[in-house]
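K.L.:
Predicted model and sequence follow; I will ask about them next.
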Amino acid sequence: MEKRFDDLDIALYHLMFIGNAIERTFEAFNSIIGKVAGNAEHVFFVNTSSMILILAKSFLDEYNGFVKSDDPELMATITNIKTTVKPAIRVISQWKDRGDFRNQVLAHNLRGKENESVFERGLTSYDIPQQGADLHVFVSCIGMVKEVFESAFTAKLAGVQAVLDKQVDPKAARRYDAGTFEAAIEEVRVEINENIRKLKVEQGLL
C-alpha cells in the first residue's frame, strides 16, 4: 500500500484523534450529571473514567514514542513544545498506577502481574483519578497538550484531514438489524436452556 503520510503526520493525527475522543467522552458525561438517578450516574462515571484511562494510555504512548521527526527543524519544534507542556505531563503522571489499572483491570482479565486477582489488592488502592475533580484535572491537562500541538502543526493536520475526507472506507457487513436482533438473542437463549435441560436429564435431575 502506498504511504500517503509521513510518520509525524500520522502521530500528530493520532494525538488529535485520541485527545478529541477523551475530551468528548468527558463532555458527554458532564452533560448527564444531575439528570439521571444517582446509581446510574455512578455507572456512567465509572464507564467514562475507564474509557478515558484506556484512551489516555494510547495518547501518552503516541506522545512519548511516535511524536518525533528526523527533520532537525521539525524535531526542534517538537522538543520545544514538549518542554512547554511539561507541567501538564507532570500532573498527568502524578497518578502512578494508570498503566497497571488499564492493563490489569480494564484491558485484561482482572489479574495482576503474578496472576492474582485485583480484588485481593482492592480497586480503590490504585493511584488513578478517583472522582470527578481528579478526572477534570486529568482531562484538562491532556487537552492542553493536544491544543499546543494542534496550534503548532495546523497545516500538517489539515493536510491529513483533507486526504482522509476524500477516502472511502470499506464497511464490514452488519449481522443484525432492528428486525432480526431479538430473534437472534432468543435463539441463543433457547439453545442454552436446551443444553441445561439435557445436562439435568443426564444427571438424573429431571
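P.N.:
Yep, that arrived. Numbers count the residues shown, from 1 in each chain.
K.L.:
for this structure, what are the low-confidence residue spans?
P.N.:
1-2 (pLDDT under 70).
K.L.:
if we go to 50?
P.N.:
Applying pLDDT under 50 to the chain flags no residue at all.
K.L.:
So which residue is dead centre in it?
P.N.:
Leu55 (2.7 Å; CA atoms, centre = their mean).
K.L.:
Please name every helix or strand in contact with the top helix by length along the chain.
P.N.:
Ordering each helix of the chain by length in residues (DSSP state H) puts helix 38-65 first. Contacts defined by 3 or more CB pairs under 8 Å, 6 or more residues apart in numbering; DSSP states H and E place helix 38-65 against helix 7-32, helix 86-93, helix 98-101, helix 132-152. Backbone N, C-alpha and C define where each C-beta goes, glycine included.
K.L.:
Can you give me the buried ones in the helix or strand following it?
P.N.:
Sequence order places helix 72-84 as the next helix or strand after helix 38-65, per DSSP states H and E. For helix 72-84, the neighbour count (16 or more other CB atoms under 10 Å) marks Ile78, Ile81, Lys82 as buried.
K.L.:
any idea how far the second one lies from Lys57?
P.N.:
In other words, Ile81. According to CB to CB, to the nearest Å, Ile81 stands 21 Å off from Lys57.
K.L.:
before we move on, what about Gln131?
P.N.:
With CB to CB as the criterion, Gln131 and Lys57 are 20 Å apart.
K.L.:
okay, these two: which has more neighbours?
P.N.:
Legend: neighbour count by other CB atoms under 10 Å for Gln131 and Lys57, higher for Lys57 (18 against 9).
K.L.:
tell me the contacts of the closest residue to the more buried one other than its chain neighbours?
P.N.:
Spatial nearest neighbour of Lys57, excluding adjacent residues (CB to CB, 6 or more residues apart in numbering): Arg102 at 4.8 Å. For Arg102, the contacting residues are Leu53, Ile54, Lys57, by CB atoms under 8 Å, 6 or more residues apart in numbering.
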